[in-house]
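Novice: Task: produce atomic coordinates for the following.
(one chain, ligands or ions: 2)
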Amino acid sequence: MSLFNEDKRELGKEGMNEGDMEPSAAAGALSSPLPVQQSVLQQRYVRGEDEQPKVAHDRFEREEELPVIDLAVLACGSEHDKSNCRLRMLRACQEWGFFRLVNHSLPIHLMRQMDAAARRFFSLSLDEKLENKDPEGGTLGYCSGAQDGYNLQGYWQESLQFPGEKDTRKAFLDRTMQHNRNDFRDVMEEYCENVHKLAEKLTEHLAVALGLPSAHFSKNCSPSVVRFSFYPPCPDPASTLGVVPHTDAFVVTILQQDDVSGLQILKDGNWITVRTQPDTLIVNVGDMLQIWSNDILSSVVHRVVVNSESSRLTTALFFGPIPKIVIQPHSDLATAEHPLQKFRPFTFEEYMGTVERAELVGKDVLDSFRVYHTSIDEQVTNLAQLTEAISAK
Ligand SMILES: O=C(O)CCC(=O)C(=O)O
Ligand SMILES: [Fe+2]
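Specialist: Residues are numbered from 1 along each chain as shown. Ligands and ions are numbered 1, 2, ... in the order given. Down below sits the predicted model:
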């Protein structure tokens, strides 16, 4: 176990060649990472004092563990077991915003193949990786925390992002990835199709658990983005982050981790490190599901810490609403104790625009869409209730 107050160590040659992220001396709009060894963390990666992680990637001090959901129970358990399992999933999404999925039906060989293809991509030379930048200047394709003007600038990570929608993804793959297109083509299609089905299933179970028609969420959703994140070994992990505290904007995220931990969830004010467990998946609630569920389910703040010994690779499929859909809480989920939450009407596309412009921090984006003011009528009602309560005393 490593605590963050140990001496910073020099990294050996191994694991620190192509993945290293030293910015080019002539930092321009596209200042690029260079494949050189970095033994001291560059200033651009150093987070502010209050953001620097105090809990190391392999510190699992608290007894609390992520709730586990067994999809086999939902596939072939008795009605009673299914209903209990759905309720456990619902509770996990309320209390943790996260759960671990076992027996998820995503073929293990596909998970391994996907991991291997991404690993080969990140081991390409920097020039080869940079050939896969988004032709339209967005965040698709290859990006790294060393690039200026990218909203993950200064994060200790590299990423490779593909559109979630099948035809757009195929077209993107054909325009980019000339070095290892075949590595990705078949396996990615099969992988995405399976994870898409899984995401649909999970949102259907959640809708039923909430008392809504099963297709209530899934009929308005599709895979939004597929993202591979690579976190190289870091000379000073206590001063930086792979991803700063944020929530995911979408409906659900399905994450595959390798055998190196780094994902941490903020629970009751403490950072809980998610253990790695082979062949399992991590699922979390996104902002859109929190809003749709009238704040019953919660998109919980999480971050990624890095370490000095090993690189880490994750694959995430973000399942989100169709871009033009107007997002509003479902009025059937309002009760006397839990009234309808107010958000100004917005489309998912508009929400994503705000996320992309903002530095990802906590729940600021979600809260910026809330309407806090009350109407005159509501104020009069509140005042009448207050007066009644006071005079009853
Ligand atoms: O790589 C991880 O463990 C999680 C990354 C993440 O939270 C994200 O990309 O939204
Ligand atoms: Fe995330």
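Novice: Spell out which parts of this structure neighbour ligand 1.
Specialist: Residues of the chain lying near ligand 1 by CB under 6 Å from any ligand atom: Arg227, Ser229, Val243, Asp248, Leu255, Gly262, Leu263, His302, Val304, Thr314, Ala316. The way it works is simple: take the backbone N, C-alpha and C, and place the C-beta from them, glycine included.
Novice: Tell me which stretches of the protein form helices.
Specialist: 71-76, 79-95, 108-122, 126-130, 166-175, 181-209, 287-292, 348-357, 364-368, 376-392 (DSSP state H).
Novice: So which of the residues of the chain next to ligand 1 are in strands?
Specialist: Arg227, Ser229, Val243, Leu255, Leu263, His302, Val304, Thr314, Ala316 (DSSP state E).
Novice: The last one: neighbouring residues, count only.
Specialist: Here the neighbour count serves as a burial measure; for Ala316 (other CB atoms under 10 Å) it reads 21.
Novice: do the same with the third one
Specialist: Counted with other CB under 10 Å, the burial measure for Val243 works out to 23 neighbours.
Novice: quick one on the thing from earlier: next, format the ones in strands among the residues of the chain next to ligand 1 as CSV and append pLDDT.
Specialist: Below are these laid out as CSV (pLDDT from 0 to 100):
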residue, pLDDT
Arg227, 97
Ser229, 97
Val243, 94
Leu255, 98
Leu263, 97
His302, 97
Val304, 97
Thr314, 98
Ala316, 98
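Novice: Weed out the non-buried ones from those.
Specialist: The neighbour-count test (16 or more other CB atoms under 10 Å) marks Arg227, Ser229, Val243, Leu255, Leu263, His302, Val304, Thr314, Ala316 as buried among those.
Novice: Using JSON lines, lay out the residues of the chain next to ligand 1 together with distance to Glu189.
Specialist: What follows is the residues of the chain next to ligand 1, written out as JSON lines (distance: CB to CB, whole Å):
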{"residue": "Arg227", "distance to Glu189": "16"}
{"residue": "Ser229", "distance to Glu189": "21"}
{"residue": "Val243", "distance to Glu189": "27"}
{"residue": "Asp248", "distance to Glu189": "23"}
{"residue": "Leu255", "distance to Glu189": "19"}
{"residue": "Gly262", "distance to Glu189": "28"}
{"residue": "Leu263", "distance to Glu189": "26"}
{"residue": "His302", "distance to Glu189": "28"}
{"residue": "Val304", "distance to Glu189": "27"}
{"residue": "Thr314", "distance to Glu189": "20"}
{"residue": "Ala316", "distance to Glu189": "17"}
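Novice: which two in those are spaced the farthest apart?
Specialist: In the residues of the chain next to ligand 1, the most distant members under the criterion CB to CB are Asp248 and Gly262, with 16.0 Å between them.
Novice: Now for the closest residue to Asn284 other than its chain neighbours, how many residues are close by?
Specialist: Of all residues not flanking Asn284 in the chain, Phe98 sits nearest, at 4.5 Å (CB to CB, 6 or more residues apart in numbering). By other CB under 10 Å, 24 other residues sit near Phe98.
Novice: Return the distance of Phe98 relative to Glu64.
Specialist: 11 Å (CB to CB, to the nearest Å).
Novice: List the residues that contact the closest residue to Val243 other than its chain neighbours.
Specialist: In this structure, Val243 finds its nearest non-sequential neighbour in Val304, 4.1 Å apart by CB to CB, 6+ apart. Contact analysis of Val304 by CB atoms under 8 Å, 6 or more residues apart in numbering lists Gln157, Ser229, Tyr231, Leu241, Gly242, Val243, Gly262, Leu263, Gln264, Arg312.
Novice: Of these, which is the most crowded?
Specialist: Tyr231 (30 neighbours).
Novice: Verify the stated contact: that residue with Trp156.
Specialist: Yes. At 6.2 Å, Tyr231 and Trp156 qualify as touching, with contact defined as CB atoms under 8 Å.
Novice: Now the common contact residues for these two.
Specialist: Gly242, Val306.
Novice: how much space between the residue nearest to Val243 and Leu87?
Specialist: Applying CB to CB to Val304 and Leu87 gives a distance of 30 Å.
Novice: go on, Leu160?
Specialist: For Leu160, the distance to Leu87 - CB to CB - is 37 Å.
Novice: neighbour count winner among these two?
Specialist: Leu160 (24 against 11).
Novice: show me what contacts that one?
Specialist: Ala118, Phe121, Phe122, Asn132, Gly141, Tyr142, Cys143, Arg227, Phe228, Phe230.
Novice: any idea which of these is closest to ligand 1?
Specialist: Arg227 (5.7 Å; CB to the nearest ligand atom).
Novice: what sits opposite that closest one in the beta ladder?
Specialist: Partner residues in beta bridges with Arg227, using DSSP bridges, are Gln161, Ala316.
Novice: ok, the residue nearest to the spatial centre of the chain - contacts?
Specialist: With distances taken as CA atoms, centre = their mean, Asp248 lies nearest the centre of the chain, 4.8 Å away. Residues counted as contacts of Asp248 (CB under 8 Å, 6+ apart) are Asn284, Gly286, Asp287, Ser299, Phe318.
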